[in-house]
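Colleague: Turn this into a structure:
(chains A and B)
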Protein chains: 2
Amino acid sequence: MKNVAVVGAGMTKQDEHWTKSIRDLSMEAGAAALGDAKMEGKGIQALFIGNMSAGRFVGQEHLAVLAADQAGLLPIPATRCEAACASGSLAFRKAYLSILSGEYDVVMVGGTEKMTDIKGTGAIAALMGAGDQEWESSIGLTFTGMYAIMARAYMKKYGLTREELALIPVKNHKHGLNNPYAQFNYPVTVEQVMNSSMIADPLRLLDCSPITDGSAAVVLASEEAAKNFENPIWILGSGQASDSLALHNRESITEIKASQIAARIAYEKAGLKPENMDVAEVHDCFSIEEIFAYEDLGFAEKGRGKDLLLNKETEIGGRIPVNPDGGLKLGHPVGATGIKQIIEITKQLRGTAANQVNNANIGLAHNIGGTGATALVHIFGRQHAT
Amino acid sequence: MKNVAVVGAGMTKQDEHWTKSIRDLSMEAGAAALGDAKMEGKGIQALFIGNMSAGRFVGQEHLAVLAADQAGLLPIPATRCEAACASGSLAFRKAYLSILSGEYDVVMVGGTEKMTDIKGTGAIAALMGAGDQEWESSIGLTFTGMYAIMARAYMKKYGLTREELALIPVKNHKHGLNNPYAQFNYPVTVEQVMNSSMIADPLRLLDCSPITDGSAAVVLASEEAAKNFENPIWILGSGQASDSLALHNRESITEIKASQIAARIAYEKAGLKPENMDVAEVHDCFSIEEIFAYEDLGFAEKGRGKDLLLNKETEIGGRIPVNPDGGLKLGHPVGATGIKQIIEITKQLRGTAANQVNNANIGLAHNIGGTGATALVHIFGRQHAT
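Modeller: Predicted coordinates:
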């Protein structure tokens, strides 16, 4: 098993970028990653881009080549990977495997999405491309609607209250207060969550991640090439798994089986357990999904995810701080999300995060697509395996 | 360098499949590939899917998981790769690297596209997602328009006549006469090409590949795993390169630089030269592109591609038969095209093609995206490198 490290990381602010196009955002993130790695573009041998739906959002497929061109990286191979909201971490894993294959030593992986250029409810329709078109989108289901179904089932089965669920956005807004890349920088209270607009019962506006423009990029290097970079953060484990696209085909809708499998693989590869994690970024596209993640990743027993909230264990200073940057709640540029999570873990392990977790040596990033039909888990460490 | 082989191959007919959805087509091709490999789905460890624009064509992103689900392959990792019309070979190369990485031993790679479900001129607009949205699509350019500009420039520079260009579709229709998977099975004459409807001067209807529904899939195996399969066809070389998305940024519009670079890499990896190729599948999305390919792949000197046609060297029985199945002219289901080319080369090297080239031991597949911003070249052999 060869070792691969993150040696550079950069991103745009997560925002509604009305004056920037997807090429501007992609270039900005790529340049930031190169600057962070203290390298020039000519050292990059291949580019991977995670993007969910630029074809529908801005009429642009073939996006990896566009990004390579804008960044002056031609004629290197450029590859777009897509698995809905998991596109970023999917591209990351393929880039990782490309280095393990021996084909490349230094590659860039970006994630990018420009969601605000599409008119009216177009973004909602485009995002439903992540669900099953024949069985879900076509009957008018939205993603909030599907997560509402999952939330309702979980609340009934495990006795989670609406107020307890509100603790997720309250925590994440608190975490993101000093995150300069967050789309929002204000605190919210349980009362504000409870009084925010109903989107799909029981989920309210403040349970939902926003529509976000943004790009994020990292540079990966083989163990040999990483010697030329400062402060590499090592990939210890990587797992990917799938489940049925349509919710009605799942064994259970109160957990994400693909997350459980991806996590098991990543833990096994890393030779580590959930209790070894010092910090985690998890996929809180809707508040309920962060509770699922606590359980699917092994941080809590099934049905007891809320205990972590009630005991403040997932806050900074707690046993396993989750989403120290504020998570998807403070920005979810779908194709970029998986990469921004990995950037946050990289910063945490470097000790340079805006909201730093003490003594963070091992971190985990968890990214899913749709309602969990795709899941990827990556584990990172300050030291590589020997 | 480890060796990897194609051990199974299957595809749907290329057609207007009004009664089949993209999930039906994907499943049909996957099942055919498994059947050809004489294996069950449980032996597949990962799935890669090439697809250009299902988001726009049928409202479905997240397609790899859908295909994995339909084929009963869950919970294996499923990855969609996209680079416009090169999506199929792009997915193939990522699958190849995933085996070289040591992560998997047996993977499936599919390509799929359902193009006829979109209304009116929607397919033309969706396909322009492969070009530069800001500089090309937005001003009303179509792909035929862009290739017409390239054809006009080449004809003027190198003295290619309109009648000579017509020899490409004449050859490819002749080659595809007995191909059961071809969308059309009739011959065309130079006169018919010259009298077909003008699409974008100088390109006429019979210079253009059609709008096609279809899926294609292959099974790849590591050298060790390939021992369990009959008649493996080995990957000897793989190259990928990029160029600017927009035509106006290219150094030259009378050649495809990315094809040249991808071919050089593939030849180097294989330790072979153009003259060693016994058969080739090249990307004839428009007649002019097959002429470019002759030159970019080293089969002819620059500007002399037409000599191969005039001397019948690229016909069956000639020095280097090109597109023995009829090429893209007889079916171009964009995301599936790169895989169907590889299937044809696989059959040629097995000796089981509908239009068999004698003594075919080495074959090449060449697939590009857009007007050549992405290019991939793969070289295959009956014997692997030692």
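
Colleague: Could I get the contacting residues of the residue most central in space within chain A?
Modeller: Taking C-alpha atoms, centre = their mean as the criterion, residue A:338 is the residue nearest the geometric centre of chain A, at 3.1 Å. Residue A:338 is in contact with A:50, A:85-92, A:111, A:365, A:367, A:376, counting by C-beta atoms under 8 Å, 6 or more residues apart in numbering or on different chains. (Each C-beta comes from the backbone N, C-alpha and C, glycine too.)

Colleague: Residue A:363 too?
Modeller: Going by C-beta under 8 Å, 6+ apart, residue A:363 touches A:277-281, A:345, A:348-349, A:379-381.

Colleague: What is the helix-or-strand element of chain A with minimal mean pLDDT packed up against?
Modeller: Taking mean pLDDT, DSSP states H and E as the measure, the helices and strands of chain A show their lowest mean at helix A:122-127, namely a mean of 92. For helix A:122-127, the helices and strands in contact under the criterion 3 or more C-beta pairs under 8 Å, 6 or more residues apart in numbering or on different chains; DSSP states H and E are helix A:54-58.

Colleague: How far off centre is the helix it packs on?
Modeller: The gap between the average C-alpha position of helix A:54-58 and the chain average comes to 20 Å, counting by C-alpha atoms, centre = their mean, to the nearest Å.

Colleague: any idea of the mean pLDDT in it?
Modeller: pLDDT averaged over helix A:54-58 equals 95, rounded to a whole number.

Colleague: What segments of chain A are helices?
Modeller: Assignment of helices within chain A using DSSP state H yields the ranges A:22-37, A:54-58, A:63-70, A:87-100, A:122-127, A:143-158, A:162-165, A:167-175, A:190-195, A:223-226, A:257-270, A:287-296, A:305-310, A:334-350.

Colleague: For residue B:227, find the nearest of those.
Modeller: For residue B:227, the closest of the helices of chain A is helix A:87-100, at 23.0 Å, according to C-beta to C-beta.

Colleague: can you tell me how far the closest residue to residue A:301 other than its chain neighbours sits from chain B?
Modeller: Distance criterion C-beta to C-beta, 6 or more residues apart in numbering or on different chains; nearest residue to residue A:301, sequence neighbours excluded, is residue A:295 at 7.0 Å. Computed as C-beta to the nearest C-beta, to the nearest Å, the residue A:295 to chain B distance reads 18 Å.

Colleague: In contact with residue A:295, which residues?
Modeller: Contact partners of residue A:295, counting by C-beta under 8 Å, 6+ apart, are A:255, A:301-305.

Colleague: go on, residue A:268?
Modeller: Neighbouring residues of residue A:268 by C-beta under 8 Å, 6+ apart: A:237, A:239.

Colleague: Retrieve the pLDDT associated with it.
Modeller: Per-residue confidence at residue A:268 stands at 98 (pLDDT).

Colleague: Next one: it from chain B, what distance?
Modeller: The spacing between residue A:268 and chain B, counted by C-beta to the nearest C-beta, is 13 Å.

Colleague: Against residue A:110, how distant is that residue?
Modeller: Distance, residue A:268 to residue A:110, using C-beta to C-beta, to the nearest Å: 28 Å.

Colleague: And for residue A:52?
Modeller: When distance is defined by C-beta to C-beta, residue A:52 is 13 Å away from residue A:110.

Colleague: quick one, what contacts the residue in chain A sticking out farthest from the centre?
Modeller: Centroid-distance maximum for chain A: residue A:75 at 28.8 Å, with C-alpha atoms, centre = their mean. When contacts are counted by C-beta under 8 Å, 6+ apart, residue A:75 touches B:241-243, B:257-258, B:261.

Colleague: Grab the two from the residues you listed that are most spread out in space.
Modeller: Largest separation among these by C-beta to C-beta: B:242 and B:257, giving 9.4 Å.

Colleague: Who has more neighbours out of these two?
Modeller: Each of residue B:242 and residue B:257 has its neighbours counted (other C-beta atoms under 10 Å in any protein chain shown); residue B:242 has more, 31 against 19.

Colleague: Tell me how many other residues surround residue A:289.
Modeller: The tally of other residues near residue A:289 (other C-beta under 10 Å) stands at 27.

Colleague: Look up how far residue A:376 lies from the nearest residue to it once chain neighbours are set aside.
Modeller: The shortest distance from residue A:289 to any residue that is not its chain neighbour, by C-beta to C-beta, 6+ apart, is 5.8 Å, and that residue is residue A:283. Relative to residue A:376, residue A:283 is positioned 9 Å away (C-beta to C-beta).

Colleague: and if you look at residue A:170?
Modeller: Between residue A:170 and residue A:376 the distance, using C-beta to C-beta, works out to 27 Å.

Colleague: which of the two has more neighbours?
Modeller: For the pair residue A:170 and residue A:376, the greater number of neighbours falls to residue A:376 (32 against 20), based on other C-beta under 10 Å.
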